[in-house]
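Engineer: Sequence and predicted model, in that order:
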Amino acid sequence: GQNIDQPTEMTATEGAIVQINCTYQTSGFNGLFWYQQHAGEAPTFLSYNVLDGLEEKGRFSSFLSRSKGYSYLLLKELQMKDSASYLCAVNKRNTPLVFGKGTRLSVIA
Amino acid sequence: DVKVTQSSRYLVKRTGEKVFLECVQDMDHENMFWYRQDPGLGLRLIYFSYDVKMKEKGDIPEGYSVSREKKERFSLILESASTNQTSMYLCASSFPVRQGTYEQYFGPGTRLTVT
């Protein structure tokens, strides 16, 4: 089976940096996705990490350590519109994506 | 742009009714998925399909069935709706693994209320 853990809720201040962690335990690991989901809307793709290390994409970066079963999403220069849920999802060989329960981020002024 | 559409954004049905949720994608994706999303439980996979006429059970298939008669369309069926099936239902599609991409594209969701 697989176990994916991420914090339920986080709060951060506009303009700050926030790190959302995701840990997983699974066999046949291929890679890890991060999705953003605004309230009442569908999840949208943010990043996909296959190899260890940090991948940067504008204000958002995602990190993966395959040996530690650990990933994080880093959001810089937070804006109010970043208030959303952030879902990590494990891509496992020959099976559909397995999603964590999501982290609800609230950005406050 | 990939487009995944779902037949309704909001739906209210009575207990015992048969309910059809339709999903259509226009990117020629072979893989299609149905999830439900509930507060505190996250996204849970109901059924998925890797090809026309093909279906596989996900984590919570009880009380649901699916139909994939055409590549672009994947239907979720609640044979006899119950109040515990009140939820947000999300459809997604993707290319097959052999094409080297795994990203799932989601539809806007159907918020189903069973009274």
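Structural biologist: It's in.
Engineer: contacts for the helix or strand hosting B:Ser75?
Structural biologist: Take DSSP states H and E as the rule and B:Ser75 turns out to sit in strand B:73-78. Strand B:73-78 is contacted from outside by B:13, B:17-24, B:32-34, B:46-47, B:49, B:63-68, B:85, B:89, B:91, B:93, using C-beta atoms under 8 Å, 6 or more residues apart in numbering or on different chains. All C-beta spots, glycine's among them, are computed from the backbone N, C-alpha and C.
Engineer: Just give me how far it sits from the chain centre.
Structural biologist: 6 Å (C-alpha atoms, centre = their mean, to the nearest Å).
Engineer: Kindly format the C-alpha coordinates of the next helix-or-strand element following it as CSV.
Structural biologist: Per DSSP H and E, the first helix or strand lying C-terminal to strand B:73-78 is strand B:87-94. Provided in CSV are the C-alpha atoms of strand B:87-94 (Å, rounded to 0.1, in the frame of the first residue of the first chain):
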residue,chain,number,x,y,z
SER,B,87,-20.1,14.7,-2.6
MET,B,88,-18.0,16.5,-5.2
TYR,B,89,-17.2,14.2,-8.1
LEU,B,90,-14.2,14.9,-10.3
CYS,B,91,-13.3,13.4,-13.6
ALA,B,92,-9.8,13.4,-14.9
SER,B,93,-7.9,12.1,-18.0
SER,B,94,-4.4,11.5,-19.0
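Engineer: who are the neighbours of strand B:87-94, in terms of helices and strands?
Structural biologist: Based on contacts counted as 3 or more C-beta pairs under 8 Å, 6 or more residues apart in numbering or on different chains; DSSP states H and E, the elements that strand B:87-94 packs against are strand B:4-6, strand B:19-25, strand B:31-38, strand B:73-78, strand B:105-106, strand B:110-114.
Engineer: Next, count neighbours for B:Phe48.
Structural biologist: Per other C-beta atoms under 10 Å in any protein chain shown, the neighbour tally for B:Phe48 reads 25.
Engineer: and the residue sitting nearest the centre point of chain B, what does it touch?
Structural biologist: Closest to where the C-alpha atoms of chain B average out (C-alpha atoms, centre = their mean) is B:Trp34, at 2.6 Å. By C-beta under 8 Å, 6+ apart, the contact set of B:Trp34 is B:21, B:23, B:45-48, B:58, B:64, B:66, B:74, B:76, B:89-91.
Engineer: Just the buried residues out of the contacts of strand B:73-78, in PyMOL syntax.
Structural biologist: To isolate the buried subset of the contacts of strand B:73-78 in PyMOL, counting by 16 or more other C-beta atoms under 10 Å in any protein chain shown, use the following:
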select buried, chain B and resi 13+19+21+22+23+24+32+33+34+46+47+49+64+66+67+68+85+89+91+93
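Engineer: Verify the contact between A:Asn91 and A:Leu64 for me.
Structural biologist: No - A:Asn91 is beyond contact range of A:Leu64, at 11.3 Å (criterion: C-beta atoms under 8 Å).
Engineer: How about the residues of chain A by chain B?
Structural biologist: A:8, A:30-31, A:33, A:40-45, A:48, A:87, A:91, A:94, A:96-97, A:99-102 (C-beta under 8 Å from any C-beta of the partner chain).
Engineer: Of those, grab the buried ones for PyMOL.
Structural biologist: Provided next is the PyMOL selection string for whichever of the residues of chain A next to chain B are buried by 16+ other C-beta under 10 Å:
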select buried, chain A and resi 30+31+33+42+43+48+87+91+96+97+99+100+101+102
